[in-house]
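Asker: test case, fold it:
(chains A and B)
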Amino acid sequence: MEQDRKQEMVESRKKVRVRIAPSPTGDPHVGTAYVGLINYVFARQRGGKFVLRIEDTDQLRSRPEYEEAILKSLRWLGLNWDEGPDVGGPYKPYRQSERKEIYQKYAGALLKDDRAYSCFCTPERLNQMRSEQISRKETPGYDGLCRGIGQKEAEKRISSGEPAVVRLRIPRPGETVLSDRIRDEIRFDHSNIDDQVLLKSDGMPTYHLANVVDDHLMEITHVIRAEEWINSTPKHLILYRALGWEPPEFIHLPLLRNRDGSKISKRKNPVSLDYYREMGFLPEAMLNFLGMLGWAMPDEREVFSLEDMIAHFSFERISPAGPVFDLEKLKWLNGNYIRELSDQELLRRIREQVFPEERMNSVVPLVRERLEMLSQYLDVADFFFLGDIRPDLQDLIPKKKDAREAADILGQCQETLESLVSWKTDKIEETLRKLCEEKGYKTRDLFMTLRVAVTGKRATPPLCESMEVVGKAITMARIGRAIAALESAPK
RNA sequence: GGUCCCAUGGUCUAGUGGUUAGGACGCUGGCCUCUCAAGCCGGUAACACGGGUUCGAAUCCCGUUGGGACCGCCA
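Answerer: The predicted model follows:
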């Protein structure tokens, strides 16, 4: 109590700065929205700043398309940031790939102080080491082979062109204590902490380095992130110490879960924010729902606005157990919000979310030659605007095949389409044709099964064009539902 | 396997040593009603287990069990 009061005093003196740091390596995720919401609410409550930083240090997987989609989704939800790659700010740039030199500078300083060391182990060696450790039932971790290489020798090897990474030298023996607002003290013995790679051989920092350097430089006061980071926090704390910096406060939020209790994932739940927008969930309902996961209003009100949340939020009321993301309750809440809308406003929302101008324009050329009367429009084009469709099970199964095979085909489609970065007709078609070739499916079988799964019909405008307009999120959800239907089909 | 986190109905939660353990979603019975939805009234169902501490534990401590996360030149 006394402690809390002191904490409050210190915090009120220092202006609060929090951040959300999504990685543009996939579709906009509900988890990002959840963490974003808590950060946003806390910042607004304290009159602080909410920063958006893009963590795109993974050159292999980061995509500008994803960054754009993430920004769009967060904006849709109304989680507006004060500083970010698009709006700028006093601590720019806010995209880590543009801050490469900064990290290199600090990695160099760490090296010089012997707080870090160069490591020349090849990925092959590391992989082999890891699998040996696992087969011996040991904890996988770096074996420290390069830990003893002197700075002189390391420099020589580097200048001769040998690829190297920089690893953090974890002081051993030792112990690091993390004070987490939601879970109290967590202690870590250094013997269990790995010598983490800080700088990759491509010169990019890993998350661990970039995150610590940026949070310090951007004067972040509270790192509010998901629970999955708890185990790497001691590394971050050690890094702060090694750099001579005061660490921010850490608050680890519970992880959103699937029905079975595992971390929320796209195989078991719709996780794309695009899905929720396109299915017609209202942003205020989404926020309200996310707000009641792990947190409750002091008076237990279930329906509350962002403003209500800002007025009453506190970390003390966050329960540390991971909540299941329950679509049923979201739907109920969404219905509540819909009923509160005026007719005019509801119409506006329907136009915006189910009949957006862009989509209407894309549908017309696809259906025009299939119309004899305008009144047939909805009959032909229904699936562009529906959320869930109910395909006939028999239609899903190609001639002379069974449910099992149809499910397999759709499973393959699901897997390969999921990884598509650019959801465009030609990319979709190319992917599907390649899949037919590789797996030996008849083009006809695959396209018909997929057509029925995605549109609910046997006769439609060209499939790939249609899929583009339906959108990735809804398409993927429909494929998933069709697979589930096939799998639970009576034999 | 190691480290760490967690534990109130199927789900989201209230509860901070003394309550008939409350609310919400879902499911369900009824009312209303041309139907459905909404709304209203009712029902179903929980403190994982075992030890302590205490006059008294859902609440505090320990253990067990169960669940989860992390263990990458991903974030």
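Asker: drop to CA atoms for contacts and neighbour counts, all remaining ones
Answerer: Will do.
Asker: tell me where chain A has strands.
Answerer: In chain A, the strands defined using DSSP state E lie at A:17-20, A:49-52, A:116-119, A:165-168, A:175-180, A:184-189, A:197-199, A:222-226, A:249-253.
Asker: how about the last one: buried residues?
Answerer: Looking back up the chat, that one is strand A:249-253. Residues A:250-253 are the ones in strand A:249-253 that count as buried (16 or more other Cα atoms under 10 Å).
Asker: near RNA strand B, which residues of the stretch 301-450 of chain A show up?
Answerer: Residues of the stretch 301-450 of chain A lying near RNA strand B by Cα under 7 Å from any atom of the strand: A:302, A:317-326, A:328-329, A:332, A:336.
Asker: so which of the residues you listed wins on neighbours?
Answerer: With neighbours defined as other Cα atoms under 10 Å, the most crowded of these is A:Phe325; it has 23 neighbours.
Asker: dump the strands of chain A to TSV, plus distance to A:Tyr91 and mean pLDDT.
Answerer: Putting the strands of chain A into TSV (distance: least, Cα to Cα, whole Å; pLDDT from 0 to 100) gives the following:
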stretch	distance to A:Tyr91	mean pLDDT
strand A:17-20	12	98
strand A:49-52	10	98
strand A:116-119	26	97
strand A:165-168	26	97
strand A:175-180	26	96
strand A:184-189	31	94
strand A:197-199	22	97
strand A:222-226	16	98
strand A:249-253	20	97
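Asker: now distance to A:Ala403 too, for these, in JSON lines please.
Answerer: Formatted as JSON lines, these follow (distance: least, Cα to Cα, whole Å):
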{"stretch": "strand A:17-20", "distance to A:Ala403": "44"}
{"stretch": "strand A:49-52", "distance to A:Ala403": "46"}
{"stretch": "strand A:116-119", "distance to A:Ala403": "52"}
{"stretch": "strand A:165-168", "distance to A:Ala403": "50"}
{"stretch": "strand A:175-180", "distance to A:Ala403": "50"}
{"stretch": "strand A:184-189", "distance to A:Ala403": "50"}
{"stretch": "strand A:197-199", "distance to A:Ala403": "47"}
{"stretch": "strand A:222-226", "distance to A:Ala403": "40"}
{"stretch": "strand A:249-253", "distance to A:Ala403": "41"}
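Asker: export the ones you listed as TSV, with columns for distance to RNA strand B.
Answerer: Shown next, in TSV, are the strands of chain A (distance: least, Cα to the nearest atom of the strand, whole Å):
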stretch	distance to RNA strand B
strand A:17-20	10
strand A:49-52	12
strand A:116-119	8
strand A:165-168	6
strand A:175-180	9
strand A:184-189	4
strand A:197-199	5
strand A:222-226	8
strand A:249-253	9
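Asker: so which of those strands is nearest A:Ala453?
Answerer: If you check each of these against A:Ala453 by Cα to Cα, strand A:222-226 wins as the nearest, at 34.9 Å.
Asker: and the closest one, what does it pack against?
Answerer: Other helices and strands packing on strand A:222-226, by 3 or more Cα pairs under 8 Å, 6 or more residues apart in numbering; DSSP states H and E, are strand A:17-20, helix A:30-45, strand A:249-253.
Asker: ok, now with 10 Å
Answerer: For strand A:222-226, the elements it packs on are strand A:17-20, helix A:30-45, helix A:207-217, strand A:249-253, judged by 3 or more Cα pairs under 10 Å, 6 or more residues apart in numbering; DSSP states H and E.
Asker: out of these, deepest packed?
Answerer: strand A:17-20 (a mean of 25; mean count of other Cα atoms under 10 Å).
Asker: check which helices and strands it sits against.
Answerer: helix A:30-45, strand A:49-52, helix A:207-217, strand A:222-226.
Asker: any idea how far RNA strand B is from the closest residue in space to A:Phe120 that isn't next to it in sequence?
Answerer: The shortest distance from A:Phe120 to any non-neighbouring residue, by Cα to Cα, 6 or more residues apart in numbering, is to A:Ala164 (4.7 Å). Applying Cα to the nearest atom of the strand, to the nearest Å, the value for A:Ala164 to RNA strand B is 6 Å.
Asker: for A:Ala164, what are phi and psi?
Answerer: phi -140, psi 160 (degrees, to the nearest 10).
Asker: check contacts around it.
Answerer: By Cα atoms under 10 Å, 6 or more residues apart in numbering, A:Ala164 lies in contact with A:117-122, A:154, A:157-158, A:199-203.
Asker: count of neighbours near A:Glu352?
Answerer: 15.
Asker: now the stretch 251-400 of chain A against RNA strand B: closest residue?
Answerer: A:Gly294 (2.7 Å; Cα to the nearest atom of the strand).
Asker: what about that residue, how many residues nearby?
Answerer: With other Cα under 10 Å as criterion, A:Gly294 counts 18.
Asker: for A:Ile230, same thing?
Answerer: 17.
Asker: now A:Asn361
Answerer: Using other Cα under 10 Å, the number of residues around A:Asn361 comes to 12.
Asker: would you mind listing what in the stretch 51-200 of chain A touches RNA strand B?
Answerer: A:55-58, A:120-123, A:126, A:130, A:137-142, A:163-165, A:182-183, A:185-189, A:192, A:194, A:197, A:199-200.
Asker: could you flag which of these are buried?
Answerer: Applying 16+ other Cα under 10 Å to these flags A:55-58, A:120, A:130, A:140-142, A:163-165, A:182, A:188, A:194, A:197, A:199-200 as buried.
Asker: ok so, going back, give the full set of residues in contact with the residue of the stretch 251-400 of chain A closest to RNA strand B.
Answerer: A:253-256, A:317-324.
Asker: what's near enough to touch the residue of the stretch 1-150 of chain A found nearest RNA strand B?
Answerer: Residue of the stretch 1-150 of chain A nearest RNA strand B, by Cα to the nearest atom of the strand: A:Thr139 (3.7 Å). By Cα under 10 Å, 6+ apart, the contact list for A:Thr139 reads A:130, A:133, A:192.
Asker: so what's the closest residue in space to the second one that isn't next to it in sequence up against?
Answerer: Once its chain neighbours are removed from consideration, A:Gln133 has its nearest residue in A:Pro140; the separation is 5.6 Å (Cα to Cα, 6+ apart). If a contact means Cα under 10 Å, 6+ apart, then A:Pro140 has A:126-127, A:129-134, A:194 as its contacts.
Asker: what's around the residue nearest to A:Asp114 when sequence neighbours are not counted, how many residues?
Answerer: Distances taken as Cα to Cα, 6+ apart place A:Arg169 nearest to A:Asp114, at 7.7 Å, with adjacent residues excluded. Neighbourhood size, A:Arg169 [other Cα under 10 Å]: 23.
Asker: dump the residue contacts of A:Arg169.
Answerer: A:110-111, A:114-118, A:144, A:147, A:194-197, A:235, A:238-239, A:242.
Asker: and those residues, which of them are buried?
Answerer: Taking 16+ other Cα under 10 Å as the criterion, what is buried in the contacts of A:Arg169 is A:110-111, A:115-118, A:147, A:194-197, A:235, A:238-239, A:242.
Asker: A:Leu420: which of the residues you listed is nearest?
Answerer: Using Cα to Cα, the buried ones among the contacts of A:Arg169 come closest to A:Leu420 at A:Val197, 29.5 Å.
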